[in-house]
Every structure is written in C-alpha cells, then in structure tokens.
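Peer 1: Whatever this is, show me its structure:
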Amino acid sequence: MRKDIHPSNYRLVAFRDMSNEETFITRSTAETKETIEIDGVEYPLVKMEISSTSHPFYTGKQKLIDTAGRVDKFMNKYKKYKK
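Peer 2: Numbering: from 1, shown residues only. Coordinates of the predicted model:
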C-alpha cells in the first residue's frame, strides 16, 4: 500500500442524527470539539440534522405531492376573479 495517502486526523468518529437520536460510528476527518462515550470508549461527536435513519427516502415515509391537483385547486379558488 502507498504510504501517507490518508490525512493525519483520519480516525473513528461518532455521528448522531438529532431528529431520532440514532448514533453510528465510522472513520472520518470531520472536526469537532464534542465527544461521546459509547461502550466505554470516547469518540469525537458530529451532530447531524438528518441521516439515512430519518430521511424520508430511506424510511419509506415520503410525502407525495399531486401537482395537477394543486393547480386545479388554485384555478377553482380564483375562477370567480377571472374576467
């Protein structure tokens, strides 16, 4: 393997999804000042707004938008103002 291809701060980091409190550990160079202890080991902590555990695409809780229905609703609402 080639030497010195990874940054010097490449280490295990805990990522926490703040919407559902899910935490996972992976390697990263992300900078953070916070830490968290998991199973007796202290990791740097990166807080996220959304991850694959809470994103609608991955959870299957997508909200479908009916654009044609929205247009019809708008036209019906304002048809009385049409000249």
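Peer 1: Identify the residue nearest the geometric centre of the chain.
Peer 2: Nearest to the mean C-alpha position of the chain, by CA atoms, centre = their mean, lies Ile50 at 2.2 Å.
Peer 1: my guess is that residue meets Phe15, correct?
Peer 2: No - the pair Ile50 / Phe15 is not scored as a contact, 11.3 Å apart, by CB atoms under 8 Å. Every residue, glycine included, has its C-beta placed from N, CA and C.
Peer 1: if I pick the residue nearest to the centre of the chain, what's in contact with it?
Peer 2: 17, 19 (CB atoms under 8 Å, 6 or more residues apart in numbering).
Peer 1: From Tyr43, how far off is it?
Peer 2: Separation of Ile50 from Tyr43 (CB to CB, to the nearest Å) stands at 20 Å.
Peer 1: Repeat that for Glu37.
Peer 2: From Glu37 to Tyr43 the distance is 8 Å (CB to CB).
Peer 1: Compare the two (neighbour count), which wins?
Peer 2: Tyr43 (19 against 10; other CB atoms under 10 Å).
Peer 1: and the more buried one, that's in a strand?
Peer 2: Yes - assessed with DSSP: H, G, I helix; E, B strand; the rest coil, Tyr43 lies in a strand.
Peer 1: Could I get the pLDDT score of it?
Peer 2: Among the per-residue scores, Tyr43 shows a pLDDT of 95.
Peer 1: for it, what are its contacts?
Peer 2: Counted by CB under 8 Å, 6+ apart, Tyr43 has contacts 12-14, 25, 35-37.
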